[in-house]
Structure formats: C-alpha cells, structure tokens
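Student: Fold the following, please.
(one chain, ligands or ions: 1)
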Amino acid sequence: MADLATIGAALSSLKTATEIVKFIRESDVNLEKAELKLKLADLLGSLADTKMELVEVQDTLIEKDKKIAELEDAFQKKDSLARHGDAYYISDKDGNPTGLAYCLRCWENEHKTRQLVNSSKDRGLHICTSCGHQYSGWRTEQISPKQTN
Ligand SMILES: [Zn+2]
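Tutor: Predicted structure coming up:
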C-alpha cells in the first residue's frame, strides 16, 4: 500500500522529468540526435514511474475512503448500541438494551455488529459468527423488549 514515501517518489520522478525537459529546451540547437533520443527515453521512463506511483496513491485513497465510510457507519451506530452483560444490544427508545446479542469483541475491535448464535456443541455457549469468540449463554442472552403501557 502506498504511503507518504510513494508520494515523495512520485514527486521525485516528476522533478526528474521536468529537469530532462529543461535540459532539452536549454541545449544548443545542435544537440546530437542520439543524445536527444536518449533524453526522451529517460523522460518516458520517469513519466512511467510517476504514473505507477500515482496509481498506488490512488489505490490507497480508495482504501482510506472505504475505511472512513466504515468508521462513520460505526460512529452512527455507537449511540444506538448499549452494553449489557458480555454483549452489545440495540437500544430501545429509552436506552435499554433489547433484542439479539452482538459480539463484544467485534464491536470493540472493529466496530462491526456481528450477531451471536447458539453453539452447536454446547447449548450453554453463544458463538460469534464472524470471529468465533465464545460467550457464556446467560451473559449474552436475548433480551425481550420492555412492555410499555
Ligand atoms: Zn466477534
């Protein structure tokens, strides 16, 4: 993945290309044809390097946009989740945890809501479908919505 060094390399390649163009422009009129061809080949090489480095930078920016979107999504969900026992739950309008349990580990590490399911091997355990972490069933049980009158 590209980093600041890649941007530095791209700028350096562009500087080289610019210097080659300056050299050609400021040379005497009788610049040898062979030398001119050599300089143009250098120029093309430098521009190709720049292009590759910029593609890397572009990929990095796309990745970062994706990460920002994920974090914004998690930030919006933050207020709608409440911790209870060893899991997170959707908050009802009064802020009480309700419904199915979400993995504590996935939420706290990656800000992703992943439902817990019953273990097929041990009925007392709940398992995260994403990270596989196991939770005590009674610490992560489903919470029925509070009755409102
Ligand atoms: Zn998990």
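
Student: longest single strand anywhere in the protein?
Tutor: Using DSSP state E, we find that the single longest strand of the chain is strand 97-103.

Student: Mind listing what's buried along that one?
Tutor: 97-98, 100-103 (16 or more other Cβ atoms under 10 Å). To be clear about C-beta, it is placed using only N, CA and C from the backbone, and glycine gets the same treatment.

Student: ok, and of those, which contact the ion?
Tutor: Residues of these in contact with the ion (Cβ under 5 Å from the ion): residue 103.

Student: Check the buried residues of strand 97-103 and tell me the two furthest apart.
Tutor: Across the buried residues of strand 97-103, the longest distance by Cβ to Cβ is 16.8 Å; it joins 98 and 103.

Student: per-residue pLDDT, residue 93?
Tutor: The score at residue 93 is 86. That number is its pLDDT.

Student: typo on my end, residue 30
Tutor: For residue 30, the model assigns a pLDDT of 69.

Student: can you list the buried residues of strand 97-103 in CSV and add distance to residue 91?
Tutor: As requested, those are exported to CSV (distance: Cβ to Cβ, whole Å):
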residue, distance to residue 91
97, 6
98, 7
100, 13
101, 13
102, 12
103, 17
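
Student: Looking at the buried residues of strand 97-103, which is nearest the ion?
Tutor: Using Cβ to the ion, residue 103 is the member of the buried residues of strand 97-103 that lies nearest the ion, at 3.1 Å.

Student: Next one: the most centrally placed residue in the chain relative to the ion, how far apart?
Tutor: A centroid search over the chain (Cα atoms, centre = their mean) returns residue 67, at 3.2 Å, as the residue closest to the centre. Distance, residue 67 to the ion, using Cβ to the ion, to the nearest Å: 19 Å.

Student: Number the chain from 34, please
Tutor: Will do, 34 is the new start, and the previous item becomes residue 100.

Student: helix or strand right after the strand or helix carrying that residue?
Tutor: Per DSSP states H and E: residue 100 is located in helix 66-111. Next helix or strand after helix 66-111 toward the C-terminus (DSSP H and E): strand 114-117.

Student: other SSEs contacting the lowest-mean-pLDDT helix or strand in the chain?
Tutor: Lowest by mean pLDDT, DSSP states H and E among the helices and strands of the chain is helix 37-59, with a mean of 87. Identification of packing neighbours for helix 37-59 by 3 or more Cβ pairs under 8 Å, 6 or more residues apart in numbering; DSSP states H and E yields helix 66-111.
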